[in-house]
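Engineer: Whatever this is, show me its structure:
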Amino acid sequence: MANDNHNSPTAVTYARSLFELAQDGKLADEIGKDLAGIAEVLRTNPTFQAFLRDPGISRVERTRVIDDVLKPKVNPLLANFLGVLNAHGRLGLLEQIASAYSDLQDEASGKIEVDVTTAQKLSADELEQVRMKVSAALKKDAVIHQYVDESIIGGLVLRVEDKLIDASVRSQLETMKRQLLAARPR
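Structural biologist: Sure, this is the predicted structure:
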């Protein structure tokens, strides 16, 4: 489910190219793990992220750092890809590329990310029931992310890609209120 709404089109294009190369070499999972590791480093080390994004730092200097820090720890395909990103001034997109790559992996394996919002935290059994029903309805393996929002009163709200299914009590009460107000005599 390439999450195009969270990642720039350029990042998605780079991720798709890398994913296709990785699949051809049967390296998609290994590259995915390496990319996830780099993305985690970028999230936890804003200084390194700023270094990669800074246009004032020469490509030669970034190449030296990539060769010293990242290249020995990642698959050679990914190391070459990092070189291409650097050559095109796109290292600042690395975190988005990692996210888009992960989405492409999920899509290829038949997985789909689903956000479930409930008024109270669901038990593991209840969450598994929701996952099974959503998986059956979508004919994909749902990966559930649970959120709690007491303001929905009860029921649940599902977000799948760009679709929202609001089966909350709050939504039903608001609908009833609108219907009653519309039907009242004037």
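Engineer: can you list the weak-confidence ranges in the chain?
Structural biologist: For the chain, the stretches flagged by pLDDT under 70 are 1-5.
Engineer: Report the central residue of it.
Structural biologist: Among the residues of the chain, the one closest to the centroid is residue 99, at 5.0 Å (Cα atoms, centre = their mean).
Engineer: what helix or strand does that residue sit in?
Structural biologist: helix 94-108 (DSSP states H and E).
Engineer: Tell me the helices and strands packed up against that helix.
Structural biologist: When contacts are defined as 3 or more Cβ pairs under 8 Å, 6 or more residues apart in numbering; DSSP states H and E, helix 94-108 sits against helix 9-24, helix 28-44, helix 76-87, strand 111-118. C-beta here means a position set from N, CA and C on the backbone, and glycine is covered the same way.
Engineer: so the shortest one versus helix 94-108, what angle?
Structural biologist: Note on geometry: by axes from the mean of the first three to the mean of the last three Cα atoms, to 10 degrees, strand 111-118 and helix 94-108 are set 100 degrees apart in direction.
Engineer: Go through strand 111-118 and flag the buried ones.
Structural biologist: 111-114, 116-118 (16 or more other Cβ atoms under 10 Å).
Engineer: returning to what we had before: list the contacts of the residue nearest to the centre of the chain.
Structural biologist: 3, 6-7, 11, 15, 39 (Cβ atoms under 8 Å, 6 or more residues apart in numbering).
Engineer: Kindly indicate the member of the residues you listed with the most neighbours.
Structural biologist: Within the contacts of residue 99, most neighbours by other Cβ atoms under 10 Å means residue 15, with 25 neighbours.
Engineer: That one contacts residue 97, doesn't it?
Structural biologist: Yes. The pair residue 15 and residue 97 qualifies as a contact (Cβ atoms under 8 Å) at a distance of 4.8 Å.
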